[in-house]
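[1] sequence plus predicted model, see below.
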Amino acid sequence: MAVKIRLARRGRKKKAIYDIVVADARAPRDGRFIEKLGLYNPGTNPASIVLESDKAVDWLLKGAQPTDTARSILQHEGVLLRKHLQVGVLKGAITQEVADARFEEWKGSKTDRKTTAADTLAQKKDADKKAKLDAERKVNEARAEAIAKKNTPPAEEVATEEVVDEAADATDAAAEAPAADAPAEESAE
């Protein structure tokens, strides 16, 4: 009986969530399985993986063969490295303490890479947001200038309005001057 470590789909339409299971190779994809090892959700950014790595290493040592997708998930979580180190311990090439130290060193560097990747994603998100705001600000300024240009009359009209206003002021002043002289003459008589 060939045993596979593979994904079993569940979840609703277009919102798939996968169980990482150990199953007989002849069993249907979403059918009977031997043991559930974890959960894989590709819908999040980054994809979330919950895995019982001790059970996965145990099944790999027993001879279970992972599918391509399951292999990449196991590699990402360090299960294949732990299996490799454990085989070295079983053969006597290294001690269990050395294997644990090497795995912890890898795990620390993996954590550093994850935090760096998360920081990079956050910085990219902030930069995209700032670029969108700058573009929106430019569009708003262009609209404001267009509205201001539309609401202000052309220079020729402003010049003729000023000439007309000056002429009206001059005629008003001329009309007021004789009127001011006239009452003085009337009061003198």
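    Here it is on my side, so go on.
[2] you'd agree residue 40 is up against residue 18?
    Yes - with contact defined as Cβ atoms under 8 Å, residue 40 reaches residue 18; the gap is 4.4 Å. Every C-beta, even on glycine, is put in place using the N, C-alpha and C of the backbone.
[3] and these two? Which one has more around it.
    Remark: of residue 40 and residue 18, residue 18 carries more neighbours, 22 against 19, as counted by other Cβ atoms under 10 Å.
[4] you'd agree that one is in a strand?
    Yes - counting by DSSP: H, G, I helix; E, B strand; the rest coil, residue 18 is located in a strand.
[5] mutual contacts of residue 40 and residue 18, please.
    Listed as contacting both residue 40 and residue 18 by Cβ atoms under 8 Å, 6 or more residues apart in numbering are residue 7.
[6] report the contact partners of the residue positioned nearest the centre of the chain.
    Centroid-nearest residue in the chain: residue 125, 5.0 Å away (criterion: Cα atoms, centre = their mean). By Cβ under 8 Å, 6+ apart, no residues touch residue 125.
[7] how close does it get to residue 116?
    According to Cβ to Cβ, to the nearest Å, residue 125 and residue 116 sit 15 Å apart.
[8] assumed residue 5 was part of a strand.
    Yes - counting by three-state DSSP, residue 5 is part of a strand.
[9] give me the three-state assignment for residue 33.
    What three-state DSSP gives for residue 33 is coil.
[10] in which helix or strand would I find residue 9?
    strand 3-12 (DSSP states H and E).
[11] now residue 138
    Residue 138 belongs to helix 96-151 when assigned by DSSP H and E.
[12] what do you get for residue 40?
    Using DSSP H and E, the element containing residue 40 is strand 35-41.
[13] can you name the next helix or strand after that strand?
    Per DSSP H and E, strand 35-41 leads on to strand 48-51 as the next helix or strand towards the C-terminus.
[14] toward the C-terminus, what is the element adjacent to that following strand?
    Counting by DSSP H and E, the next helix or strand C-terminal to strand 48-51 is helix 53-62.
[15] who are the packing partners of that following helix?
    In this structure, helix 53-62 makes packing contacts with strand 3-12, strand 35-41, helix 68-77, helix 79-91, judged by 3 or more Cβ pairs under 8 Å, 6 or more residues apart in numbering; DSSP states H and E.
[16] what pairs with the second one, parallel or antiparallel?
    It stands for strand 35-41. Strands adjacent to strand 35-41 in the sheet, as given by DSSP bridges, are strand 15-24 (antiparallel), strand 48-51 (antiparallel).
[17] wait, which of those is closest to residue 145?
    strand 15-24 (46.4 Å; Cβ to Cβ).
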